[in-house]
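Novice: need the 3D shape of this:
(chains A, B, C and D)
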2 protein chains.
Amino acid sequence: MRQPRRGAGRLSGRSSMPEATVARLPLYLRVLTALGESGVHTVSSDTLAAAAGVTSAKVRKDLSQLGSFGTRGVGYEVGILLECISAELGLTEDRSVVLVGVGNLGHALAGYGGFHARGFRIAALVDADPSRVGERVGEVVVRPVDELEAVIEDCQVTIGVICTPAAAAQHVCDRLVAAGVTSILNFAPTVLSVPEGVDVRKVDLALELQILSFHEARKRPSPGPPAGAVAGGRGPGPGATVDDEAGEVVRMTRRVVPPPSRVAPDVPLPAVAHGGDSE
Amino acid sequence: MRQPRRGAGRLSGRSSMPEATVARLPLYLRVLTALGESGVHTVSSDTLAAAAGVTSAKVRKDLSQLGSFGTRGVGYEVGILLECISAELGLTEDRSVVLVGVGNLGHALAGYGGFHARGFRIAALVDADPSRVGERVGEVVVRPVDELEAVIEDCQVTIGVICTPAAAAQHVCDRLVAAGVTSILNFAPTVLSVPEGVDVRKVDLALELQILSFHEARKRPSPGPPAGAVAGGRGPGPGATVDDEAGEVVRMTRRVVPPPSRVAPDVPLPAVAHGGDSE
DNA sequence: AGTACTTCGTGAATCCCTTCACGAAGTCGT
DNA sequence: ACGACTTCGTGAAGGGATTCACGAAGTACT
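Specialist: All right, here's what the predicted structure looks like:
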């Protein structure tokens, strides 16, 4: 970028911004905020990278996407970066959010200070369960789901957070979209269908744990029985049918393995190609 | 493919399994479980793809990684796939998990049935706050953090979930790792440093919302204040007032961050789904 | 001024993942 | 049995993102 230096040249990457970069900007924002509060005014890509857990090359490329400008030989000014990133992420204007489903997770989210601190205002909490309506969580009162559309209209809500059971998620999603919401954060363990133009991000807790499980399995190659068992010939265990329990249970030929008894300190672990050092 | 055919031999992709594929396996698992419960015995890659919100090509490539075997002209047998995927993810043996920090989010997670249903056993809930110790959440009782190491040892815990405030996360992480945990799911909004061989996945709620905010900003090009003052109004974070940096402060506090001696993680975000339901 | 050193910005190479396209292998209907 | 049809498996092409490497541009110090 050949910006003539500091004059706050167009700070929007406008046209294209790599999705991967977008995903890291909030991270930088958090780190920079902390640095700023510590009284730091300047930071190098190396330092920032270390604090954010990424490589310095990534940091530089990401920041260059912002049409950003550091000072060679010195680094970046924390204050300026904060402004640029905030602007790029659209955090300079408050955004109203509506949260549907105030169960355990919904409560946790509603009480999570991180949202408000970053310019997200919870316009309303909504729940279908009458017994939960009226309850006060934080500074907001739970409202009946009937008012969903009205709230979205009144507060100019464009982001919806779904914390309902999986079964209700799609229906809620449809209502949100119909009412004008164009971005959805889905915590329900189900895939949502939305019309084009609507963004959906999902957070699946069990899914994350399963990914970890995969890597665990790679580290400690099942000490138990040999593999021949599973998927032996074509004839799968006739009883392979899942015995359910509550909507979604996978438990099948579960075999509990005897205590691996390995607590050995060694185990160099083959540095799993996965995370290596920075991925 | 490297392997010639592999109808039933070792079903583990063994050597290499694309990280992207690993991230989708739990998704397929969920969909397949639902299908199985509906009495479906066979699915085509098209059907499975539609249900999982991905493309059929992806499904086929992913499943072929398992050394899997569908029947051409027919599809895959649900039961067999369930077995294969479960085995691949290491879900055929129970895994013990310890959850540290039983605040709002911790409560939500502890009560989340999805874990237990998939073979994850919460060996213990731990909290530093004495007032929370003894409380019963679900079937588990909150124990003092002092017992962390003992629990990990006794229950062969290899996965830890951190739901503490950001400030305590690194310390907890260190203790977990020292005690033998090799996989960590971090909900605290901070970057954890871990030694090589330990996997960390992070889930940052505010971060997800900020990514959505970015896309929102692209959809509705800031109707508010013109480009004049970049981020005048609300600052990015608390106390991050950047304006007061009256020009001197030449103190080059370059070395801001403490010894970044260890490796830092950077896991890919949880899956995303933009726009159309099926990409 | 000049030399040494730091750090940004960025093309180029590389790696990983996705998408495409098509042959192979099986089923179904007559 | 045989042809039409379906669907898997998989090279190969295409895109993105990460990493590498190095020139450019600034500071620090003598």
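
Novice: longest strand in chain A, please.
Specialist: Using DSSP state E, we find that the single longest strand of chain A is strand A:120-127.

Novice: give me the neighbour count for whichever residue of the stretch 1-150 of chain A sits closest to chain B.
Specialist: When scored by Cβ to the nearest Cβ, the stretch 1-150 of chain A has residue A:90 as its residue closest to chain B, at 2.7 Å. All C-beta spots, glycine's among them, are computed from the backbone N, C-alpha and C. For residue A:90, the count of nearby residues is 21 (other Cβ atoms under 10 Å in any protein chain shown).

Novice: show me where chain A has helices.
Specialist: A:19-37, A:45-52, A:56-65, A:78-88, A:104-111, A:113-117, A:148-155, A:166-179, A:205-219 (DSSP state H).

Novice: the longest strand of chain A pairs with which strands?
Specialist: When pairing is defined by DSSP bridges, strand A:120-127 lines up against strand A:95-100 (parallel), strand A:140-144 (parallel).

Novice: among those, which comes closest to DNA strand C?
Specialist: DNA strand C lies closest to strand A:95-100 among the strands paired with strand A:120-127, at 28.2 Å (Cβ to the nearest atom of the strand).

Novice: residue of the stretch 101-250 of chain A closest to chain B, please.
Specialist: Counting by Cβ to the nearest Cβ, the stretch 101-250 of chain A gets nearest chain B through residue A:217, at 2.7 Å.

Novice: list the contacts for that residue?
Specialist: B:88, B:89, B:90 (Cβ atoms under 8 Å, 6 or more residues apart in numbering or on different chains).

Novice: between these, which is nearest residue A:119?
Specialist: residue B:89 (37.6 Å; Cβ to Cβ).

Novice: I figured that closest one hits residue B:25, correct?
Specialist: Yes - contact between residue B:89 and residue B:25 holds when scored by Cβ atoms under 8 Å: they sit 5.8 Å apart.

Novice: who touches both of the two?
Specialist: With Cβ under 8 Å, 6+ apart as the test, residue B:89 and residue B:25 both reach A:210, A:214.

Novice: quick check: pLDDT value at residue A:150.
Specialist: For residue A:150, the pLDDT comes out at 97.

Novice: mind checking which residue lies nearest the centre of chain A?
Specialist: Centroid-nearest residue in chain A: residue A:203, 5.9 Å away (criterion: Cα atoms, centre = their mean).

Novice: keeping just the C-alphas, turn the helix or strand of chain A with the lowest mean pLDDT into CSV.
Specialist: Between all helices and strands in chain A, the lowest mean by mean pLDDT, DSSP states H and E belongs to helix A:113-117, at a mean of 83. Listed next in CSV are the C-alpha coordinates belonging to helix A:113-117 (Å, rounded to 0.1, in the frame of the first residue of the first chain):
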residue,chain,number,x,y,z
GLY,A,113,-20.3,-8.9,29.4
GLY,A,114,-18.2,-9.2,26.3
PHE,A,115,-21.1,-8.4,24.1
HIS,A,116,-22.0,-5.1,25.5
ALA,A,117,-18.4,-4.1,25.8
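
Novice: from the contact counts, what lies against it?
Specialist: helix B:205-219 (3 or more Cβ pairs under 8 Å, 6 or more residues apart in numbering or on different chains; DSSP states H and E).

Novice: distance from the chain centre to the helix it packs on, please.
Specialist: Helix B:205-219 sits 19 Å away from the centroid of its parent chain (Cα atoms, centre = their mean, to the nearest Å).

Novice: in that helix, what counts as buried?
Specialist: Going by neighbour count (16 or more other Cβ atoms under 10 Å in any protein chain shown), the buried part of helix B:205-219 is B:205-217.

Novice: now do stretch A:178-193
Specialist: For stretch A:178-193, by 16+ other Cβ under 10 Å, it's A:179, A:181-193.

Novice: mean confidence for that stretch?
Specialist: pLDDT averaged over stretch A:178-193 gives 97.

Novice: state the distance from the closest residue to residue A:127 other than its chain neighbours to residue A:125.
Specialist: Once flanking residues are discounted, residue A:127 sits nearest to residue A:102: 4.5 Å by Cβ to Cβ, 6 or more residues apart in numbering or on different chains. Distance, residue A:102 to residue A:125, using Cβ to Cβ, to the nearest Å: 5 Å.

Novice: who's more crowded, those two?
Specialist: Neighbour count, other Cβ under 10 Å: between residue A:102 and residue A:125, residue A:125 has more, with 28 against 24.

Novice: bridging residues for that one?
Specialist: Going by DSSP bridges, residue A:125 forms beta bridges with residue A:99, residue A:142.

Novice: that one contacts residue A:144, doesn't it?
Specialist: No - the criterion here is Cβ under 8 Å, and residue A:125 misses it with residue A:144 at 10.6 Å.

Novice: residue ranges in the stretch 101-250 of chain A under the pLDDT threshold?
Specialist: Within the stretch 101-250 of chain A, the stretches with pLDDT under 70 are A:222-250.

Novice: does stretch A:103-111 come close to chain B?
Specialist: Yes - counting by Cβ under 8 Å from any Cβ of the partner chain, chain B is contacted by stretch A:103-111 at A:103, A:104, A:105, A:107, A:108, A:109, A:111.

Novice: need the contact list for the third one.
Specialist: By that I understand residue A:105. So residue A:105 contacts A:163, A:187, B:105, B:108, B:112 (Cβ under 8 Å, 6+ apart).

Novice: for DNA strand C, see how far away residue A:41 is.
Specialist: 13 Å (Cβ to the nearest atom of the strand, to the nearest Å).

Novice: for burial, what's the neighbour tally of that residue?
Specialist: 20.

Novice: look up the pLDDT of it for me, please.
Specialist: pLDDT, read off for residue A:41, is 95.

Novice: re the thing from before, residue contacts, the residue nearest to residue A:127?
Specialist: A:110, A:125, A:126, A:127, A:132, A:135, A:137, A:142, A:163.

Novice: the residues you listed: which two are farthest apart?
Specialist: A:135 and A:163 (14.4 Å).

Novice: more crowded one of those two?
Specialist: When residue A:135 and residue A:163 are compared for neighbours, residue A:163 comes out ahead with 25 against 14, by other Cβ under 10 Å.

Novice: quick one, what contacts the more buried one?
Specialist: A:99, A:100, A:101, A:102, A:103, A:105, A:106, A:109, A:187, A:188.

Novice: so the third one versus residue B:108, what's the distance?
Specialist: The one in question is residue A:101. Applying Cβ to Cβ to residue A:101 and residue B:108 gives a distance of 11 Å.

Novice: of these two, which one has the most company?
Specialist: residue A:101 (26 against 22).

Novice: relative to residue A:77, how far out is the more buried one?
Specialist: On the measure of Cβ to Cβ, residue A:101 and residue A:77 end up 42 Å apart.

Novice: residue A:91 contacts residue A:121, doesn't it?
Specialist: No - using Cβ under 8 Å, residue A:91 makes no contact with residue A:121, being 11.8 Å away.

Novice: the more surrounded of these two?
Specialist: residue A:91 (26 against 14).

Novice: tell me which parts of the stretch 1-150 of chain A are close to DNA strand D?
Specialist: Within the stretch 1-150 of chain A, the positions lying close to DNA strand D (Cβ under 7 Å from any atom of the strand) are A:5, A:18-21, A:54-55, A:57-58, A:60-61, A:71-74.

Novice: at 6 Å instead, please
Specialist: Taking Cβ under 6 Å from any atom of the strand as the contact definition, the stretch 1-150 of chain A meets DNA strand D at A:18, A:19, A:20, A:55, A:57, A:58, A:61, A:71, A:72, A:73, A:74.

Novice: picking that back up, the residues of stretch A:103-111 next to chain B: which two are farthest apart?
Specialist: The farthest-apart pair in the residues of stretch A:103-111 next to chain B, when distances are taken by Cβ to Cβ, is A:103 and A:111, at 12.9 Å.
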